[in-house]
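Chemist: whatever this is, show me its structure:
(6 chains)
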Number of protein chains: 6
Amino acid sequence: MSKIIGNSLPSIPWQDKPEGYKKPVWRYNSNPIIKRDATSISNSIFNSAVIPYKEGFAGVFRCDSRAVSMDIFTGFSEDGIHWNIEEKPITFLGDDQEILKREYRYDPRVCFIEDRYYITWCNGYHGPTIGVGYTFDFKTFYQLENAFLPYNRNGVLFPRKINGKYAMLSRPSDTGHTPFGDIFYSQSSDLEYWGHHRHVMSSYKGDASAWQGTKIGPGPIPIETDEGWLLIYHGVINTCNGFVYRVGSAILDLEEPWKVKYRSRYYILGPEEYYECVGDVPNVVFPCAALTDKDTGRIALYYGCADTVTGLAFTTVDELIQFTKEHTF
Amino acid sequence: MSKIIGNSLPSIPWQDKPEGYKKPVWRYNSNPIIKRDATSISNSIFNSAVIPYKEGFAGVFRCDSRAVSMDIFTGFSEDGIHWNIEEKPITFLGDDQEILKREYRYDPRVCFIEDRYYITWCNGYHGPTIGVGYTFDFKTFYQLENAFLPYNRNGVLFPRKINGKYAMLSRPSDTGHTPFGDIFYSQSSDLEYWGHHRHVMSSYKGDASAWQGTKIGPGPIPIETDEGWLLIYHGVINTCNGFVYRVGSAILDLEEPWKVKYRSRYYILGPEEYYECVGDVPNVVFPCAALTDKDTGRIALYYGCADTVTGLAFTTVDELIQFTKEHTF
Amino acid sequence: MSKIIGNSLPSIPWQDKPEGYKKPVWRYNSNPIIKRDATSISNSIFNSAVIPYKEGFAGVFRCDSRAVSMDIFTGFSEDGIHWNIEEKPITFLGDDQEILKREYRYDPRVCFIEDRYYITWCNGYHGPTIGVGYTFDFKTFYQLENAFLPYNRNGVLFPRKINGKYAMLSRPSDTGHTPFGDIFYSQSSDLEYWGHHRHVMSSYKGDASAWQGTKIGPGPIPIETDEGWLLIYHGVINTCNGFVYRVGSAILDLEEPWKVKYRSRYYILGPEEYYECVGDVPNVVFPCAALTDKDTGRIALYYGCADTVTGLAFTTVDELIQFTKEHTF
Amino acid sequence: MSKIIGNSLPSIPWQDKPEGYKKPVWRYNSNPIIKRDATSISNSIFNSAVIPYKEGFAGVFRCDSRAVSMDIFTGFSEDGIHWNIEEKPITFLGDDQEILKREYRYDPRVCFIEDRYYITWCNGYHGPTIGVGYTFDFKTFYQLENAFLPYNRNGVLFPRKINGKYAMLSRPSDTGHTPFGDIFYSQSSDLEYWGHHRHVMSSYKGDASAWQGTKIGPGPIPIETDEGWLLIYHGVINTCNGFVYRVGSAILDLEEPWKVKYRSRYYILGPEEYYECVGDVPNVVFPCAALTDKDTGRIALYYGCADTVTGLAFTTVDELIQFTKEHTF
Amino acid sequence: MSKIIGNSLPSIPWQDKPEGYKKPVWRYNSNPIIKRDATSISNSIFNSAVIPYKEGFAGVFRCDSRAVSMDIFTGFSEDGIHWNIEEKPITFLGDDQEILKREYRYDPRVCFIEDRYYITWCNGYHGPTIGVGYTFDFKTFYQLENAFLPYNRNGVLFPRKINGKYAMLSRPSDTGHTPFGDIFYSQSSDLEYWGHHRHVMSSYKGDASAWQGTKIGPGPIPIETDEGWLLIYHGVINTCNGFVYRVGSAILDLEEPWKVKYRSRYYILGPEEYYECVGDVPNVVFPCAALTDKDTGRIALYYGCADTVTGLAFTTVDELIQFTKEHTF
Amino acid sequence: MSKIIGNSLPSIPWQDKPEGYKKPVWRYNSNPIIKRDATSISNSIFNSAVIPYKEGFAGVFRCDSRAVSMDIFTGFSEDGIHWNIEEKPITFLGDDQEILKREYRYDPRVCFIEDRYYITWCNGYHGPTIGVGYTFDFKTFYQLENAFLPYNRNGVLFPRKINGKYAMLSRPSDTGHTPFGDIFYSQSSDLEYWGHHRHVMSSYKGDASAWQGTKIGPGPIPIETDEGWLLIYHGVINTCNGFVYRVGSAILDLEEPWKVKYRSRYYILGPEEYYECVGDVPNVVFPCAALTDKDTGRIALYYGCADTVTGLAFTTVDELIQFTKEHTF
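Modeler: Below you'll find the model as predicted:
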């Protein structure tokens, strides 16, 4: 039995796997949990991050407005399923207006490290790069320097220092609908200066795992387990009618996370339901957060659907690790 | 209260705004009003124009055949909702076979000026340009010269002369799936020779109104109001999985219509329903006609859905102008 | 009355044409007949071929795994509608490992000639080309040489020698999502060396039949009739949101099949149903097999839907030939 | 013997055809006549227009500055070979700042009609279109409205009214390095409103005249002859290493100039010399002006070389017309 | 010492390697040997093939006309350096007009097998494919079937049967400026039906031999030696300013020529001289023929330069094989 | 009079400005100083860096081999004009094989800071990024971590710490022939961890300085002057026949170098000479190093020519700063 190294979360949202269901991840039966117009001016709410907070849950949500302006908003929930999302986007405090000036913000992740909640997101600064901020209370937010030079997306922090350094996964990109993309690992003593970058894994060229042949990118905060860091990530294939985004899993070495121990050739979740196949960008499932309960090994996975709504799915650490190892390259 | 400068149309199709509905435009509850196979050989009927005619309504419809040949057809309706569309495309009379020779025709608009109904459409003449014709009775049609050199789409007449000239909006293009496009204003004394072209507005580059970032084009005949010309137009964003067409609104100066007084950053209608998101070209709402009633300020908006069927939506001049001004850049 | 030159097949799957239905091909009312997860590890099952076998039916199916690895699998059915598909892909026997080495396999066709069942498919050999194999019993399979140099797709055999030669239709391509494509005819004495290639027909450039303007490719094994070879094929149009695949029909000369006697400007089947419009590749209907009964003239057409599931549709030889002749260029 | 319908120009620059030289156009033996840095801040001087003026010659020159800003400048010459080009670009007088506002200007033509010298050029107005101006003295210039909507290049006036209308050839384009382009004919009573557009000729698809397979565009002011309008134009082929611009000839009907009487399959001038093959845009010869002498039939052709310098070449009306007729399609 | 298995050719054109020159191939010091206008209507003469014939030499030349129409012409020479090229293109005799109909022809090779001279070339037949013909006397030419389905270029025969079969190398392609390309080997008993295709070698992805990273294609008829078939081929790199074509060498197994024994990482000839770098397609050296003398081991290499003129270079079998082995991957 | 803040270098290579020459930078009259085959196996030597060393000069040179493999080599010179370049590429010492493993290396810069010579270059590590190393003696080299995540090119260090930090300019890119590119500024305490990235300047969109409209990138080590950091950089325009690389100048604030004080609209050097216009990549001048003498203000600029050879040009700090200020935006 694989074990999560983390906290108990008895209130984790949960539904048991449907009888006879054979795949490693199953959907919440009332998906989507957040609809496209859950705020008064939203066009779509997706690719968002949640985390346990006080008695319940807090989150940072990507809400594109009906101007299709991309920004990030806080939200709160008692049960992790029903969410109240703020009408106004997050504003950050900080010293340097050069950094605070907003161009656009999207695809947030939230990571608790030591004493605070860090938020990373795709931040417009003369092109997309990784914005970094933090909060103690989801009310007041402080923005740090952008982690990297443009052009980058999907900056995902590890939930603790590794070898004495903060660590971040990311997917360097270009300025548009990038047709390539690998996952890299970067290190920092202070979350301001980053270096010692290491290549983690590439998109897969070949038939053996074609769903991740165009690009890949990290999803939720990696889950620490006794087998290594359980990484849930997205992979993309380029069909004649556009990109299809699916979800995969890998296990990274605990102390040298740029070393991939296992990586599943099979995706664990793909667009099949109406709300995943139909929307502003069809055929996208895009995971950005996972809740975990160390006692039961349960994992609740939050994912954007068709760049329009937010879905919830379930698995367990044991099932997912076993699946990943069984189907590894 | 904003006022329409135009005619009474007590028979305008109408449904009241659903209770609790917050957006400025609401859909007819039995959409689509015209299905893809409403004629015996049609593949799709969309991007079409209607106008009050006699006791009821007449229209010019884009019906792509099941050869996917694009042509325009007349149709008639008593209530503006249930339509009888001819099985044979419109044929035009005229002097010069060079102009009468049909290559393809699509996306018609209909505009009553002075004593007749003018039809404009995207007309194949060694590339797409703006065809112009007229009818008195929707039975006999006369074709004039093409308004412009290729390559152009979305020629939309104003319903009266302005400063003594006929006036037309259009969107110059290229020969294919044009990835750019602004709206221009052109003038003519005789509907044959056009000049004094003026730039009206551009697609918007930036996050503040990204839904119209790739191209824009005029939709229905502009609606004259005491605030200016109310222009309903389409805007396009280029996602990794293709174009999404939405609908926006702007108010142009009455006497110098190339001057934009207000322009909403927010779209007023986007593809959300099944018939708008799924079809031959997913994620398209494309407005080509509006009926108006000056007494009530009601507007009935006809729009193509997914390049497959025809939808109907409602708003009022007051609500739309207020929305446009409130959310202007 | 047109007649099929072939065998009786009283057990052919069949539903009568719905009353009032006007189009030449009608769908099975419980489509899709094969769902995406009909095998334990399949992502999608589509673009597959069936044939009468013993008392029932056998088939070779394209099942993409949940690694989105493309391979071909046998399946059996008593009624041609409910299918049992093997969990393991076909393995071929043969002499030369260079040829037997699998890169990827997709879009199979099955053709009975003389004494055995030939299978052709798109075979990865330093690029896509036409793989050829045969079986007597759908248990043991033998692989021959690839028919052609790369790059090619949609190799479709004729069910008998013509002028003393085996004959194959195919669609030469490039290495990716080919934006062009014509159908060619090739001849062979031994199914190993091919030559005397003849051009059959091109994609159609122009409005008169725009649905097949980008590329075309042969579908099921041509059906021999007293009017000629009835060829059901796919055609593609490139919209601003991707390719739409539809189905068309043509009649080729019996003895010189590279000569097209009739070719319908109208498609005979296009994506309209949910399962045809929504899936991994939206808006695809792709025919790969047809069952025929010479006594009744019935045709049961199997086609891939949205690159995800498999559908079934019906027509008769008489109706289809009449339609093709009536709407020929 | 073909005859020019025009003026005597005894001072036309001239060199006899070199002995043994077989082609219809021969180069000036001291080419280029204008070097890239002929003005103090020029990067390149090319694609320019000259005309007889008073005792000598005047011209309007495209001089790209060393900022690679594109503008047009006057120049004067006594012999048509040695030129003094102004250091400051042309400024235009006019009423409407909207039109006078300069974005960029390039590729001018000069045409004397009735009482004045008209200048047309590619004018930036929210994209390239055809600017129109005039001067009486090459000192004071007046700008009229842009002739057409964007996007257009190579506006070339005829030197007299035809059927009572001013007439202009042009090549509609897109916003970039347009990969297509045909020549059209447009008419106007007042040089402000244009209409009755007619297609003249297309780029040629096929091996028989591949040098003009990508796009074509009109060059100098058409030369009136007893055989029709002698049109010298440029044609482009797209090689794997970019566009090659060459020069061709055609003869248009005198009264219906959109009707092509003859058109040479062979180019009459192509990039062969160092200064034509090497420069900012290699492999470009681009004609913009021709001087003619009706007494001798001499033609002096001015053409841009490699988008860098200006060349001069010679032919006679008789030789060129004969060549055009001999090699017509 | 490596040895050519072939004929003596004492009259082979030759210049000794310049003193101090270190590279394996050296140019004729009066290059180009054939200028662009060597025939009365030629735009360029390049990518051509020569062979010993009677007391001197014969050849088949690609001459693009000044219409830039591509065709092949015979030529004769006493010394292999000074050539007389016919003014009229080759016409072929044959039975089937479908095959004889000329679309375009380019890049010929000539190969003597058994009793006659075979010509292969890139032949337009609904796209580029490999044309095949033969002659006994370079006066009367017979055309056979095209060897392959489109799309293909660079069909190069071996000078004898191998394992009882005729053998041909080729480079399958697409319809345009193909950005990929590998060399394949095909077999035939009769030069009409081809099969048993084998992959020979790919373009090289990586820094170690980047000059051949985009595509490769066979050049002259392979030279039989005691080390294997010496294959001189072209390789292409895609720079930001277009393709650069260079020349490389490989040694193929004598009996299984699809097996590469050695392949040089280094090119043996690249565009450096003016006539190789400047022309209709800059930066191209493209070898199509080699003369060899078994007594001295001399090799005279004919190559197209910048798609404009024809050059000649020299090496010896010993030097080239040694170089190839020394620098093999 | 502007002054260089730096060292005396009486031995700086120098030629006075030719009389009558008006541009701010003039070429060495025996260019190119390094030919393409200056080493035994080089295809081209360009985009290289030199620096005063001991009594003479040392350098790090980009030599592409005749495999077109890209690597960096040391070289030494007594006069800065005649260079001896090593036959073997630089090998680096270091701890982590992951970093030391060579993929490819190109476009080096050399910068003396404090006590050693730092080398930066474009380093292949799963895509192009900025490699960093140092040497004390140009014999033993040590490699540090890559400065940034891929994808980046043109990493250029400042010659001293600024505000207590090492500082580097760079140009983030994509994986290919990047069609965009701005200059950014990054900071580090230890040359291993980088952060506080600031945007410096963008390519210029518009006619006013079109030569730098596609992308820009830093060139030599910035030159400290009393006016600010004198930055010589390259700019690129995208013509229909490819990129043209030219050289520009800007002055950055001494203490906040991401603030641009002046930037010349005019380029200071463009491809005009044969060796700049003709070569493996035509029309490239690409500066990578500058020698300076504080006593005279002389600047000797080394630049790559056509990606083939190395050129030398001259200016003075006074002339260049004056020119930059005079022509600033």
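Chemist: run through the residues that contact the residue in the stretch 201-329 of chain A that chain D sits nearest to.
Modeler: Residue nearest to chain D within the stretch 201-329 of chain A: A:Cys240 (22.0 Å; C-beta to the nearest C-beta). Glycine gets a C-beta too; all of them are placed from N, C-alpha and C. When contacts are counted by C-beta atoms under 8 Å, 6 or more residues apart in numbering or on different chains, A:Cys240 touches C:His177, C:Gly242, C:Phe243, C:Val281.
Chemist: and it, what are its phi and psi?
Modeler: Here is the backbone geometry of A:Cys240 (degrees, to the nearest 10): phi -70, psi -10.
Chemist: on that earlier part again, can I get the contacts of A:Cys240 in TSV with neighbour count, secondary structure and distance to chain A?
Modeler: Listed next are the contacts of A:Cys240 as TSV, based on neighbours: other C-beta atoms under 10 Å in any protein chain shown; DSSP: H, G, I helix; E, B strand; the rest coil; distance: C-beta to the nearest C-beta, whole Å:
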residue	neighbour count	secondary structure	distance to chain A
C:His177	12	coil	4
C:Gly242	22	strand	3
C:Phe243	19	strand	5
C:Val281	22	coil	5
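Chemist: near chain B, from those?
Modeler: C:Gly242 (C-beta under 8 Å from any C-beta of the partner chain).
Chemist: export the contacts of A:Cys240 to a markdown table and tack on distance to chain D?
Modeler: Listed next are the contacts of A:Cys240 as a markdown table, based on distance: C-beta to the nearest C-beta, whole Å:
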| residue | distance to chain D |
| --- | --- |
| C:His177 | 20 |
| C:Gly242 | 21 |
| C:Phe243 | 21 |
| C:Val281 | 28 |
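Chemist: so which residues of the stretch 151-300 of chain A form helices?
Modeler: Chain-ordered helices for the stretch 151-300 of chain A, with DSSP state H, counting those that start in this stretch as the definition, fall at A:274-277.
Chemist: show me the strands in it, by range?
Modeler: Using DSSP state E, counting those that start in this stretch, the strands found in the stretch 151-300 of chain A span residues A:152-157, A:166-172, A:183-188, A:193-201, A:215-218, A:223-225, A:228-239, A:242-252, A:260-263, A:285-293, A:298-305.
Chemist: pairing partners for the longest one, with directions?
Modeler: It refers to strand A:228-239. strand A:215-218 (antiparallel), strand A:223-225 (antiparallel), strand A:242-252 (antiparallel) (DSSP bridges).
Chemist: what angle do that strand and strand A:152-157 make?
Modeler: Relative orientation of strand A:228-239 and strand A:152-157, computed by axes from the mean of the first three to the mean of the last three C-alpha atoms, to 10 degrees: 160 degrees.
Chemist: follow-up on the earlier one: next, format the contacts of A:Cys240 as CSV and append pLDDT.
Modeler: Below are the contacts of A:Cys240 laid out as CSV (pLDDT from 0 to 100):
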residue, pLDDT
C:His177, 96
C:Gly242, 97
C:Phe243, 98
C:Val281, 98
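Chemist: looking at the contacts of A:Cys240, spot the one nearest E:Pro159.
Modeler: Of all those, C:His177 has the smallest distance to E:Pro159: 39.5 Å, by C-beta to C-beta.
Chemist: what about the closest residue to A:Asp207 other than its chain neighbours, how many neighbours?
Modeler: Among residues not flanking A:Asp207 along the chain, C:Tyr104 sits closest, at 3.9 Å (C-beta to C-beta, 6 or more residues apart in numbering or on different chains). C:Tyr104: 19 surrounding residues under other C-beta atoms under 10 Å in any protein chain shown.
Chemist: need the pLDDT of C:Tyr104.
Modeler: C:Tyr104 carries a pLDDT value of 98.
Chemist: residue contacts, it?
Modeler: Contacts of C:Tyr104 (C-beta under 8 Å, 6+ apart): A:Asp207, C:Ser69, C:Met70, C:Asp71, C:Asn123, C:Gly124.
Chemist: quickly check those for the two that are furthest apart.
Modeler: Maximum distance among these (C-beta to C-beta): 14.1 Å, for C:Ser69 and C:Asn123.
Chemist: those two: which has the busier surroundings?
Modeler: Ranked by neighbour count (other C-beta under 10 Å), C:Ser69 and C:Asn123 place C:Asn123 first, with 28 against 22.
Chemist: look at that one and give its secondary structure.
Modeler: Secondary structure, DSSP: H, G, I helix; E, B strand; the rest coil: C:Asn123 is strand.
Chemist: what residues does the nearest residue to it once chain neighbours are set aside make contact with?
Modeler: Leaving aside its sequence neighbours, C:Asn123 sits nearest to C:Gly131 (C-beta to C-beta, 6+ apart; 2.9 Å). Counting by C-beta under 8 Å, 6+ apart, C:Gly131 touches C:Arg105, C:Ile119, C:Thr120, C:Trp121, C:Cys122, C:Asn123, C:Tyr125, C:Gln143, C:Asn146, C:Ala147, C:Gly155.
Chemist: can you select the buried ones from the residues you listed in ChimeraX?
Modeler: To isolate the buried members of those in ChimeraX, using 16 or more other C-beta atoms under 10 Å in any protein chain shown:
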select /C:105,119,120,121,122,123,125,143,146,147,155
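Chemist: farthest-apart pair in the contacts of C:Gly131, please.
Modeler: Using C-beta to C-beta, these span at most 15.6 Å, a distance reached by C:Ile119 and C:Tyr125.
Chemist: distance of A:Asp207 relative to C:Arg62?
Modeler: According to C-beta to C-beta, to the nearest Å, A:Asp207 and C:Arg62 sit 13 Å apart.
Chemist: check A:Asp280 too.
Modeler: Distance, A:Asp280 to C:Arg62, using C-beta to C-beta: 30 Å.
Chemist: what of A:Ser69?
Modeler: Relative to C:Arg62, and taking C-beta to C-beta, A:Ser69 is found at 42 Å.
Chemist: what sits closest to A:Arg171 if chain neighbours are left out?
Modeler: Nearest residue to A:Arg171, sequence neighbours excluded (C-beta to C-beta, 6+ apart): A:Gly217, at 3.9 Å.
Chemist: per-residue pLDDT, whichever residue of chain A sits closest to chain D?
Modeler: Minimum separation of chain A from chain D (C-beta to the nearest C-beta) falls at A:Gly176, amounting to 16.3 Å. For A:Gly176, the pLDDT comes out at 95.
Chemist: what's the burial count for it?
Modeler: 14.
Chemist: how near is it to E:Gly297?
Modeler: Counting by C-beta to C-beta, the gap from A:Gly176 to E:Gly297 is 55 Å.
Chemist: phi first, then psi, for whatever residue of the stretch 101-250 of chain A ends up closest to chain C.
Modeler: With C-beta to the nearest C-beta, the shortest gap between the stretch 101-250 of chain A and chain C falls at A:Asn241, namely 3.4 Å. Backbone geometry at A:Asn241, expressed as degrees, to the nearest 10, gives phi -120, psi 30.
Chemist: residue contacts, the residue lying closest to it once chain neighbours are set aside?
Modeler: Take A:Asn241 and drop its neighbours on the chain: the residue closest to it by C-beta to C-beta, 6+ apart is C:Gly242, 3.4 Å away. Shown in contact with C:Gly242 (C-beta under 8 Å, 6+ apart): A:Cys240, A:Asn241, A:Gly242, B:Asn241, B:Gly242, C:Pro282, C:Asn283.
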